[in-house]
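Participant: just need the structure, nothing else, for what follows:
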Amino acid sequence: MKISVLSQKVYNFLLAAYRWYLLTAERSLDQAYKAALQIKAIEDEYFDGNKIDVNSSKYTSSMMDYFESDLKKQLRIARMRLTEFKGSRFFLSESNQKAAIKAGIEYANPATILEKLRFIDQVIAKYTNFDYETTSSDLVTQPKPEIIPLDSAIAPDIAPAPLSAKLSSKGWDKKPRGKANSTGILPRSILSTVTRLQVELDPRSEEDVVKNFRQAQRRTIISVRFFLLLIIVPILTHQLSKTLVVGPIVDSFRSSEQTGIFINYEMEEEALEALEKFEERTKFDILIGRLTPLPPEEMENHVKEKAREIAEESRAESSSAIKNVFADLCSVVAVIWLMLVSKPSIAVIKDFFDNIVYGLSDSAKAFIIILFTDIFVGFHSPHGWEVILEGVSRHWGLPGNHSFIFLFIATFPVILDTIFKYWIFRYLNRISPSAVATYRNMNE
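Facilitator: Coordinates of the predicted model:
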């Protein structure tokens with residue numbers, strides 16, 4: 001009797017699961033349709049039935065952030081559910097449809113399905129190039145306000161594109177010209193004066209300035225947020241995986257007293273050296289009268305106790321090194337995942353760095369270049385690289401291979417130095433020749 005009741009429950013559960021599987025396509029389409037309706041409701045209520053413009057100056061920055069986040073959410077739901085709908089329809093065979101009829105499942109009318117699909121496509125087609133995470137496509141493709149460097153006297157033939165074309169509504173849709181490729185006949189100062197007057201007389205300049213400021217603000221917020229995530233995510237992943245996942249597994253394997261205490265010879269040498277120093281210090285304290293003389297048996301027990309303490313510390317250090325290896329792998333996976341899901345943010349950060357680096361003065365550029373080159377490829381850099389490599393080896397419980405360390409120091413800084421020099425010659429020399437001249441003068 002009990003077996004029959006249990007079999008009936010299992011049958012009912014499997015039947016419910018099969019019905020849920022057969023209705024996956026229709027359920028996904030309904031969810032995508034609801035998301036499209038949400039987007040359409042925002043358009044009708046706040047944007048007069050037009051496309052949601054995240055750069056609109058009609059509402060405040062907080063309101064636009066709210067609209068943008070809601071739009072991202074609904075677009076993500078609609079696109080994911082449409083993909084699920086297509087996949088479910090692909091695996092739905094004729095036999096499945098017959099089984100659905102036997103199970104009492106009635107599918108929606110094909111005309112209703114086509115009408116929903118047409119409505120969803122009409123809504124989300126307006127946002128084909130809209131990124132899930134940010135509006136980085138707009139931020140990256142839009143040209144930055146031209147910063148006139150101080151080296152116009154050295155390279156007067158390099159003239160920027162007209163500033164009015166960059167600030168006008170049409171100019172923002174065009175691909176910006178590179179600084180090194182924009183050439184002209186007249187000097188920069190004359191062209192910059194003319195373009196500045198054009199911008200000041202343009203009645204739309206105020207609206208463009210507000211739009212540019214909001215885009216710059218959004219770009220800065222995205223960059224700062226991504227940098228914080230890039231620091232917090234790997235550290236948090238390392239600590240959580242080491243404490244909750246990797247730690248208990250390693251401790252269970254190394255809980256036995258028969259497991260090795262040391263995982264490399266350097267740790268063993270350090271432990272023996274610490275024990276010898278303790279024994280010699282104890283004898284020295286006895287000789288100078290700090291400690292009372294101990295019998296040989298008590299002295300031996302005292303040294304044994306210290307040896308056990310050192311062994312426990314070495315065992316914990318070995319276990320921690322093994323945990324660090326797997327926790328670091330989890331952190332690397334977390335960083336890779338963060339990079340994959342944040343591709344739009346990475347593009348925004350590149351544009352953010354371009355604004356910062358190329359907006360610095362020539363002396364600041366030269367100072368930063370000299371600082372980085374002296375730290376990583378300078379005369380004293382081998383000592384720093386040696387400390388870093390020894391720290392990494394100790395972190396992972398690896399023995400310090402001095403041959404590898406010396407080979408790394410002999411090759412890697414040279415490669416970095418070559419990359420620095422190539423970047424200075426290939427890019428910086430064309431964009432800011434006076435910065436290169438300042439860098440050479442400061443080096444000499």
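
Participant: contacts and neighbour counts: CA atoms only from here.
Facilitator: Fine.

Participant: got any ranges where the protein has weak pLDDT?
Facilitator: 1-15, 18-19, 21-22, 90-108, 129-189, 191, 199-200, 202-203, 256-259 (pLDDT under 70).

Participant: which residue sits farthest out from the middle of it?
Facilitator: Pro295 (63.1 Å; C-alpha atoms, centre = their mean).

Participant: how about the contacts made by it?
Facilitator: With contact set as C-alpha atoms under 8 Å, 6 or more residues apart in numbering, Pro295 has no partners.

Participant: list phi and psi for it.
Facilitator: Note on Pro295: its backbone torsions stand at phi -60, psi 160 [degrees, to the nearest 10].

Participant: could you look up the SS state of Ile221?
Facilitator: helix (DSSP: H, G, I helix; E, B strand; the rest coil).

Participant: any idea how far it lies from Thr128?
Facilitator: Distance of Ile221 to Thr128, computed by C-alpha to C-alpha, to the nearest Å: 24 Å.

Participant: before we move on, what about Asn324?
Facilitator: 43 Å.

Participant: higher neighbour count, those two?
Facilitator: Asn324 (21 against 9; other C-alpha atoms under 10 Å).

Participant: the more buried one contacts His395, correct?
Facilitator: Yes. Applying C-alpha atoms under 8 Å as the test, Asn324 and His395 come out as touching, 6.9 Å apart.

Participant: need the longest helix for the protein.
Facilitator: As assigned by DSSP state H, the longest helix anywhere in the chain is helix 296-341.

Participant: what are the buried residues along the next helix-or-strand element following that helix?
Facilitator: Heading C-terminal from helix 296-341, the first helix or strand you meet, by DSSP states H and E, is helix 343-357. Within helix 343-357, the residues scored as buried using 16 or more other C-alpha atoms under 10 Å are 344-349, 351-352, 355.

Participant: can I get helix 343-357 in PDB? Just the C-alpha atoms.
Facilitator: C-alpha atoms of helix 343-357 as PDB (Å, rounded to 0.1, in the frame of the first residue of the first chain):
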ATOM      1  CA  LYS A 343      33.300  44.500 -21.300                       C
ATOM      2  CA  PRO A 344      31.400  47.700 -21.700                       C
ATOM      3  CA  SER A 345      32.900  49.100 -18.500                       C
ATOM      4  CA  ILE A 346      36.400  48.200 -19.700                       C
ATOM      5  CA  ALA A 347      35.800  50.200 -22.800                       C
ATOM      6  CA  VAL A 348      34.600  53.200 -20.700                       C
ATOM      7  CA  ILE A 349      37.700  52.800 -18.500                       C
ATOM      8  CA  LYS A 350      40.000  53.000 -21.500                       C
ATOM      9  CA  ASP A 351      38.300  56.300 -22.500                       C
ATOM     10  CA  PHE A 352      38.500  57.500 -18.900                       C
ATOM     11  CA  PHE A 353      42.300  56.800 -18.800                       C
ATOM     12  CA  ASP A 354      42.700  58.600 -22.200                       C
ATOM     13  CA  ASN A 355      41.100  61.700 -20.700                       C
ATOM     14  CA  ILE A 356      43.300  61.600 -17.600                       C
ATOM     15  CA  VAL A 357      46.600  60.700 -19.200                       C
END
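
Participant: what's the following helix or strand after the host helix or strand of Arg430?
Facilitator: Taking DSSP H and E as the definition, one finds Arg430 inside helix 429-431. Using DSSP H and E, the next helix or strand after helix 429-431 towards the C-terminus is helix 433-443.

Participant: against which helices or strands is that following helix packed?
Facilitator: Judged by 3 or more C-alpha pairs under 8 Å, 6 or more residues apart in numbering; DSSP states H and E, helix 433-443 is in contact with helix 362-377.
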